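Enquirer: what's the 3D shape of this:
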Amino acid sequence: MTALDRYVRLESDGLWRPAPDQQRRQVMISFGDATLVIADGVARPLAHWSLPALIRLNPGERPAIYAPDEEASEELEIADDTMIDAIEEVRKALAKARPHPGKLRHWITAGIISVTLALAVFWLPGALMRQTLAIVPPAKRAEIGATILAHIQTRTGPVCRDAAAQAAAGRLASRVFGAGTPLHIVVVPVLDQGALAMPGGLIILDAGLLQAADDPVAVAGYVLASREAVAGRDPLEPVLKEAGLAATFGLLTTGDIPRDILQRHADERLAEPAPQAEAGDLRHAFQRASLPHRPYQILADQRSGTMPDLGRDPLDGQPSAPVLTDSEWISLQNICNR
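Expert: Numbering: from 1, shown residues only. Next up is the predicted model:
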């Protein structure tokens, strides 16, 4: 049993400040899948913080104060000793599980590395990539995705943050991909591609898309299409293809990938059109999610002048589960205006 498994049902109160210029509010804190979940009094998620990226602002002091990043854009104060001890233990366990240079045994045995290298000579570079993709842990993927997002924000503007809107984004992800999904939607001021799926379960969404949409169903379609465009392949794969064999082998053996490679990947993703899913695969994805695809087609046509050909929409005009309430939709639309 891992440290996270032991504390998965642990909850406590806390004080959360969503932005430096906002008042603190009472919240409930619990553990998710490698995340710290911050929720309101009726258990609606307000934010998900990556446990591996969590920073303690006052080490050794009580109450403990945490931030989700080095900029300390948000703060969380916890007075419960049990929860503090649990967070510290989980953070230490995750840190130990992350690969470190010189500790090759944490990734793979020396024998398998030798075999992989030998096969790479005769079996094409794809063998090395497949081996690397197979063993990169979720925490490392989340770290890579967060680094790429940081580079992307220099071009798109910073991620928009608002507690109610972030909760609505979580509700949108759950409606599209199912309850308990590890995928996390973030909104930036300008993203020409509309929506992009990144390593670590990130989906980046354009605020302008929210303003242009008549209803949340069309936006849900964009979110679904961005993920379906990389379905069947690892979102980390294009990063490694661009990085080359040396960087791929470095990630395999040390767990590190140069930041300049991730910056170059971010620049290339922003310079290229969004990847597109096969029409048949995307049509089936809409059916699995019980979403009509007609609103997505109309919005795509408005933005690009080209309407995706998905055939007849069997759900057009049929009743389906709502994507968001009116208040949630309004909050999400205005996430970058607050």
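Enquirer: quick one: residues contacting residue 289.
Expert: 175-177, 220, 224 (Cβ atoms under 8 Å, 6 or more residues apart in numbering). (Each C-beta comes from the backbone N, C-alpha and C, glycine too.)
Enquirer: 10 Å instead?
Expert: Contact analysis of residue 289 by Cβ atoms under 10 Å, 6 or more residues apart in numbering lists 175-178, 220-221, 223-224, 228, 315, 320-321, 323.
Enquirer: can you give me the helices in this protein?
Expert: 3-6, 81-97, 110-122, 126-135, 138-156, 163-177, 207-212, 216-228, 237-243, 245-254, 259-271, 279-288, 294-304, 326-333 (DSSP state H).
Enquirer: look at the residue most central in space within the chain and report its pLDDT.
Expert: When Cα atoms, centre = their mean is applied to the chain, the residue found nearest the centroid is residue 202 (2.2 Å). Note on residue 202: pLDDT of 88.
Enquirer: residue 164 too?
Expert: Residue 164 carries a pLDDT score of 90 in this model.
Enquirer: what does residue 298 give?
Expert: pLDDT recorded at residue 298 is 89.
Enquirer: check whether it really touches residue 310, as I assumed.
Expert: No: under the criterion of Cβ atoms under 10 Å, residue 298 is not in contact with residue 310, lying 11.6 Å apart.
Enquirer: what about those two, which has more around it?
Expert: Neighbours per residue, other Cβ atoms under 10 Å: of residue 298 and residue 310, the larger number sits with residue 310, 20 against 15.
Enquirer: distance-wise, check the more buried one relative to residue 199.
Expert: Taking Cβ to Cβ, to the nearest Å as the measure, residue 310 and residue 199 are separated by 27 Å.
Enquirer: what's the answer for residue 169, then?
Expert: Residue 169 sits 19 Å away from residue 199, going by Cβ to Cβ.
Enquirer: now do the contacts for residue 12.
Expert: Listed by Cβ under 10 Å, 6+ apart, the contact partners of residue 12 are 27-30, 78-84, 86-87.
Enquirer: give me that answer again for 8 Å
Expert: Applying Cβ under 8 Å, 6+ apart, we find residue 12 in contact with 28-29, 78, 80, 82-83.
Enquirer: and for residue 11?
Expert: The contact partners of residue 11, by Cβ under 8 Å, 6+ apart, come to 28-30, 83.
Enquirer: from the residues you listed, which single one is nearest residue 282?
Expert: Using Cβ to Cβ, residue 30 comes nearest to residue 282 of the contacts of residue 11, at 34.6 Å.
Enquirer: wait, doesn't the closest one sit right on residue 47?
Expert: No: using Cβ atoms under 8 Å, residue 30 is not in contact with residue 47; the gap is 12.0 Å.
Enquirer: which one of the two has more residues nearby?
Expert: More crowded of residue 30 and residue 47, by other Cβ under 10 Å: residue 47, with 21 against 18.
Enquirer: quick one: neighbours of the closest residue to the more buried one other than its chain neighbours, just the number.
Expert: Of all residues not flanking residue 47 in the chain, residue 38 sits nearest, at 4.4 Å (Cβ to Cβ, 6 or more residues apart in numbering). Residue 38 has 24 neighbours, counted by other Cβ under 10 Å.
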